[in-house]
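In: here are the coordinates; sequence isn't available:
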């Protein structure tokens, strides 16, 4: 009986406790009211993330310009603030001394060119001299061989005469001797006529050579005068005229060179002709002498043959042999002397050629030096005029007209000179980014700029470079300097102004996304709370997969579709209110739902 009563009492107590728990639960944790929740709609949009930093506007480069030569400033054609174009004349210094030096250098160059031309002719003439000397050696050797052969024959004839003298003459011999005398006299007449013809030809050759020399010189003078006239007419100096492509100038120049070459070739041919004519005279003279000697020899032989072989005749014949031998010996000595003489002539001619070649080299070196001097003088003359190497703005001018150009310099330590140019169209922005942001930056990224001093003004640019070394740390923050180009900046932007640089580091176009405040995270998983379908009913918590996390929105790659509405996280001042809401329908002790309430 007692036990049954206890069971009944316990049952009533459990029912009472259950009722108290039910009403307590609804009293402590009422359902979320839909009217107090803010929502967002999932939609297709652009998602981006960016980093920002404050920096300053700077010029990309300054250029300091100086005259290449010293002098008194003669003119200044620009003022500070002027925009100048590339190649524009900025200023000049007194150029009178430089002009005089250039004129003197031009005259020296022309003189050197004439010396080179003369030296070239000298080398050509010396070459002809060497060739003539070599030819004389060859011809002398041939003549000596001929003379020695004739002398050998004279000895043989003398010996034959002695033999006939000793044998005695016959009638047939006497008749033959008479005929021999007639023939030998005819040979003398023929040799005499040949000598006369050779002498006449020699004089004619001399006359022809003299006329040819006049013709060569006339042709050279005429073509040289015509070439110089063409150069003068075209207003060209010797160097420019030689390099001219004008047909008339080239034709005149070739005519002059052809005339010079024709003279050299003609002189060589004339010298050869004269040498040949002299050889003919020498040969004719020797021929006449040989004919006369042959007649004398013939008569001596006949006399010996016609007389008894007396001792005196024998002695005379022997003397003839001795005389012929002596003539041969003398001819050999003379041939040696002539060979030595022409050898000395060749040595002299070769020395003259070496000297002429040395003179030609010296003349060419002088011409090179004269050209270098002229180039230096022209450079000094050009350096009296200061031109702008780039299109820029005049930032500073050191001196004024009448003052020595090098007495002072304008500009800062970065760029100094007589005139300093700055490139305002190539402005840059340098800003320091925190180390957490620098890892997402790279060269070539686009940037947007605003300026503290210019309201509502923006400009575009790109990342040019990122400093590899950090700046001095400011407290616990390490920063790195990033240099940006500043493209199409407003005209009011000046170097030194403060600029705010913003770089979009990641971007996703036309993707499914939702406001980032609608997301909560637990571990590596992201959740959203769907908008409740009925008032008084909690929204359903749903896991989603995210892509790019933007500045204000986050890309959704799975779990939602366009048009879905989600609840935004509530930001209240009371933690208890957040804990009492239980978004997603969680209950106490239900694991994730209770732990996630604080992230809602």
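Out: Received the coordinates, thanks. Everything quoted here is computed from the prediction, not taken from an experiment. Numbering: from 1, shown residues only.

In: from now on I want contacts and neighbour counts done on CA atoms only, so please keep to that.
Out: Noted.

In: what's the span of stretch 380-396 from first residue to last?
Out: 24 Å (Cα to Cα, to the nearest Å).

In: tell me which helix or strand the residue most central in space within the chain sits in.
Out: Centroid-nearest residue in the chain: residue 375, 18.7 Å away (criterion: Cα atoms, centre = their mean). Per DSSP states H and E, residue 375 falls inside helix 311-382.

In: show me what that helix is packed against.
Out: Secondary structure elements in contact with helix 311-382, counted by 3 or more Cα pairs under 8 Å, 6 or more residues apart in numbering; DSSP states H and E, are helix 96-167, helix 247-306.

In: contacts only, for residue 120.
Out: Counting by Cα atoms under 8 Å, 6 or more residues apart in numbering, residue 120 touches residue 360.

In: got it, and the one 5 residues further on?
Out: With contacts defined as Cα under 8 Å, 6+ apart, the neighbours of residue 125 are residue 264.

In: one more time with 6 Å, if that's ok
Out: Contacts for residue 125 (Cα atoms under 6 Å, 6 or more residues apart in numbering) come out as none.

In: from residue 115, how far out is residue 356?
Out: 12 Å.

In: now do residue 108
Out: Counting by Cα to Cα - residue 108 and residue 115 are separated by 11 Å.

In: after the helix holding residue 375, which helix or strand is next? Please name it.
Out: Counting by DSSP H and E, what follows helix 311-382 is strand 385-387.

In: output the contacting helices and strands for that next one.
Out: strand 89-93 (3 or more Cα pairs under 6 Å, 6 or more residues apart in numbering; DSSP states H and E).

In: quick one: residues in contact with the strand it packs on.
Out: 71, 72, 73, 74, 75, 76, 77, 78, 384, 385, 386, 387.

In: over to stretch 419-427?
Out: For stretch 419-427, using Cα under 6 Å, 6+ apart, the contacting residues are 58-60, 62-65, 392-397, 486.

In: give me the mean pLDDT for it.
Out: Throughout stretch 419-427, pLDDT has a mean value of 79.

In: can you give me the end-to-end span of it?
Out: End to end - Cα to Cα - stretch 419-427 spans 20 Å.

In: how about low-confidence regions in the stretch 101-250 of the chain?
Out: Along the stretch 101-250 of the chain, the model assigns pLDDT under 70 to residues 165, 167-169.

In: can you list the domain ranges for the protein.
Out: Domain assignment for the chain, taken from automatic domain parsing, gives 28-58+425-599, 64-95+386-419, 100-168+311-383, 169-307.

In: find the nearest non-adjacent residue to residue 123, please.
Out: residue 356 (5.1 Å; Cα to Cα, 6 or more residues apart in numbering).

In: and residue 393, by the same measure?
Out: Closest to residue 393 by Cα to Cα, 6+ apart is residue 83, at 4.4 Å.

In: ok, back up a step: JSON lines please, covering the helices and strands packed on helix 311-382 and showing distance to residue 450.
Out: Listed next are the helices and strands packed on helix 311-382 as JSON lines, based on distance: least, Cα to Cα, whole Å:
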{"stretch": "helix 96-167", "distance to residue 450": "53"}
{"stretch": "helix 247-306", "distance to residue 450": "66"}
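
In: select, out of those helices, the one closest to residue 458.
Out: Comparison of the helices and strands packed on helix 311-382 against residue 458 by Cα to Cα identifies helix 96-167 as nearest, at 52.4 Å.

In: got the angle between that closest one and helix 311-382?
Out: Using axes from the mean of the first three to the mean of the last three Cα atoms, to 10 degrees, one finds that helix 96-167 and helix 311-382 are set 170 degrees apart in direction.
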